[in-house]
Structure formats: structure tokens, C-alpha cells
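Colleague: model the following, please.
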Amino acid sequence: MSAWIDLTFGNPSNFQVLALMRAGGWLMLLILACSVIALAIVMERLWLLRRRRVMPEGLVTKIREWHCGERLTEEHLAQVRDGSPLGRILTAGLANREYSREVMKEAIHDTGRQVVAELERYINTLGTIASVTPLLGLLGTVIGMIEVFGVIVEAGVGNPGVLAGGISKALITTAAGLSVAIPALMFHRYFNSKVDKLTIGMEEQSLRLVEIIKGERAEESAINHLKLLKPMNLRPHRPEPPDINLTPMIDVVFLLLIFFMVSTTFKEDTRIRVRLPEAQGEAVPAETPRALEITIDKVGVFHVDERMVADRTPATLRQAILDAVGEERERPVIIRADATTPHQAVMTAIDAASRLGLLRFAFAATRPDTSR
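Modeller: Prediction:
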């Protein structure tokens, strides 16, 4: 009955049955108990509501033969009464066959209502399980959400992955509750329909018996006469079908959606990626090439080896650097700037040198101009 018994998510070593039970909390025990009870009810009703057990074929015909042959003894009545639920109803009428037709039908009606009540046994319990288990699952989800908000108070909402893990555990109880409620609802409706059909069949058989005993009609004539008789209504109060209320679940789903939209940060990575040289363990050569100095002032004017660049365009800067280094592409580059230097000018200098094959950079701060 519990559809999640063999269910695994993701890595089987992490999401086995016991892991699901622990993740769902103590409410999973209640849902599991409802699942076991529903399974027992379904198996018991499937066995007891078999048509050949409730309404054996040829029972009325056999009683008619005994009656016509004046062989309808107490032993035969006990055999019919103990043989099936229909036999109990027919025996109640046969016990009053010496009285009027109305007395016989009233006895059948009283006994029939008791028999139908036994056929309906536990069906209402199955309907209750179908209605309660989704609410138990929803309660588990709400409790899980409360715990998640407790984590938010401590750790904030900067890591949606941590929150998603807690929410996924909270939703396990809802999934378990629905996996029990849906089959329970299906079998509840099936058993109700089954009892309705059996009740109508027993009413027809009982009226046939009354017409055969009191009307002294042949069996074929009694069958045709049934259409003119008023049914005895052995099941006057049919139980209301259970209803799975999905409104709270929809509210929770929308709450989770809004929560993720608010807590998740959407931003575009606009940082400039700079490839920095890796440290090498090689020995420093005896002669190191002279460093190329690029100085940038506070207004973004470039000086390459103390010579001012005509303008601040990247092409002009590259040409100035190329004139300074020539073919010496292994020279390190020292970029001198201070806190007032425009950031974009520094990045322009790095980009211009990198395009010419100069990949060794160092940064130095320029002394502030205190002459003014």
C-alpha cells in the first residue's frame, strides 16, 4: 500500500528507506502505520467481498426446490444461513414464511441492513486514512519549513544549496502521505461501488424468494415480476466519499517558490580575469633584463620609461611599449600607480602589455605629489 517502500532518490547508499524515515521525522511513523492499516483493510475486503462468497449461484433455486418438495427443514435453513451473507437475509425471510408477505419483507429488510453494514466494515476507516495522510504529510512539511527558517536566522540566505537540502527533506513527508492517500482513495471508491452492486443483487434475490414463496409463482414469472416491485433499499445511507484537500499543499508550493525567488541572488559575473604568473622554482639568472616601467597618474596619463604617451588610447600605448622593449619580450613590467589612479587605466596598461607578449607584472605605488 505504501508506494514509497522501495523508492530511492539519487545515490542509493544515501537515500534508502531508513534514511527517508529519519529525514521525514516522527510523522513518517504515523504515515507508515496508516499505510499498514490501509493495506490490511484492502486485503481483508478483497477476500470477503468476493461475489461468489456473498451471493452463491443458484441459492434461490435450491431453496425453491426444497420448498416445493416440502424438504425445507431447520437443517437446511442453518446451512443456508451459515453459508453466505445472502443466505442470512434469505433465512430471515424463510423463518417468517408462515406470516404475511409484508412481515416477510420486513424481516428481510432488517437483516439485510445488518448484513450490508458488515459488508461496509472498515471502508470508512479506509476513507479516513485517504483524507488524513496528506494532512500528516503537509504537517511534516510545515515543521520542516520551520526548521529551515531557523537555519536562515543563524546562517542567512546566502547559500541556497543548504536551504534546498532542508526543504527537500521536509517535502518527503508530503510525498509519503500522498503515496498512501491515493491508493487508499482508489480502493475506497472501488469497495463502495462493490458493496452497491452486491446490495442490489441481494435485494433482487430476496424479492425473488418472496414472490416464489408468497406468490406461488414459477421462478421465471417471479423474475419478470421483480420489475414491478419497490426495492427494499438495504443501504439507505451511503457513506460520503473522502476528499483529498489539495489547497494547503498548493499554498505551500507557492510559498516555497516565492522563498527561492527571494533568497536566491541572481548576478552576472563582470569581473576582468587576469592571468597571473605562477611561481617557479628555477634559479634567478645572473643577469635579469631591465624592467619596463609604466607610470599612470591620477588623470590616467601614461608614462613609459618616464616618457609620456601622446594620448590614452590602447593603440598608442601599445606602440609606446613596443618602441621601449623592442624584441626583449622577457622584460618584466612594473606598473606604478596610487589610490587616485583610474582603475580602467591600470587594466588598459595590463592588456596592452599582455598583447605584446609581456606577461611578468609587478605593481608599485607612486609617491603622492606633495609639491602642490
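Colleague: what segments of the stretch 251-372 of the chain are helices?
Modeller: Applying DSSP state H, counting those that start in this stretch to the stretch 251-372 of the chain gives helices spanning 314-325, 343-355.
Colleague: let's have these in TSV, adding mean pLDDT.
Modeller: TSV is the format used below for the helices of the stretch 251-372 of the chain (pLDDT from 0 to 100):
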stretch	mean pLDDT
helix 314-325	80
helix 343-355	82
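Colleague: how about those helices, which one is nearest residue 154?
Modeller: Each of these has some distance to residue 154 by Cβ to Cβ; the shortest is helix 343-355, at 36.7 Å. In this view, the C-beta of every residue, glycine as well, is placed from N, C-alpha and C.
Colleague: poorly predicted segments of the protein, please.
Modeller: Within the chain, the stretches with pLDDT under 70 are 1-17, 155-169, 215-249, 251-288, 366-372.
Colleague: right, and the helices of the stretch 251-372 of the chain - which one's nearest residue 42?
Modeller: That would be, of these and by Cβ to Cβ, helix 343-355, which comes in at 72.0 Å.
Colleague: export the helices of the stretch 251-372 of the chain as CSV, with columns for distance to residue 150 and mean neighbour count.
Modeller: Below are the helices of the stretch 251-372 of the chain laid out as CSV (distance: least, Cβ to Cβ, whole Å; neighbours: other Cβ atoms under 10 Å):
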stretch, distance to residue 150, mean neighbour count
helix 314-325, 54, 16
helix 343-355, 42, 17
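Colleague: want to throw those helices into a markdown table with distance to residue 132?
Modeller: What follows is the helices of the stretch 251-372 of the chain, written out as a markdown table (distance: least, Cβ to Cβ, whole Å):
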| stretch | distance to residue 132 |
| --- | --- |
| helix 314-325 | 72 |
| helix 343-355 | 64 |
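Colleague: which positions within whichever strand or helix holds residue 142 qualify as buried?
Modeller: Per DSSP states H and E: residue 142 is located in helix 123-155. Residues 123, 126-141, 143-145, 148, 152 are the ones in helix 123-155 that count as buried (16 or more other Cβ atoms under 10 Å).
Colleague: and the strands in this structure?
Modeller: 292-296, 302-304, 307-308, 333-337, 361-365 (DSSP state E).
Colleague: now those in JSON lines, with mean neighbour count and distance to residue 93?
Modeller: Listed next are those as JSON lines, based on neighbours: other Cβ atoms under 10 Å; distance: least, Cβ to Cβ, whole Å:
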{"stretch": "strand 292-296", "mean neighbour count": "21", "distance to residue 93": "112"}
{"stretch": "strand 302-304", "mean neighbour count": "21", "distance to residue 93": "115"}
{"stretch": "strand 307-308", "mean neighbour count": "12", "distance to residue 93": "122"}
{"stretch": "strand 333-337", "mean neighbour count": "20", "distance to residue 93": "110"}
{"stretch": "strand 361-365", "mean neighbour count": "13", "distance to residue 93": "107"}
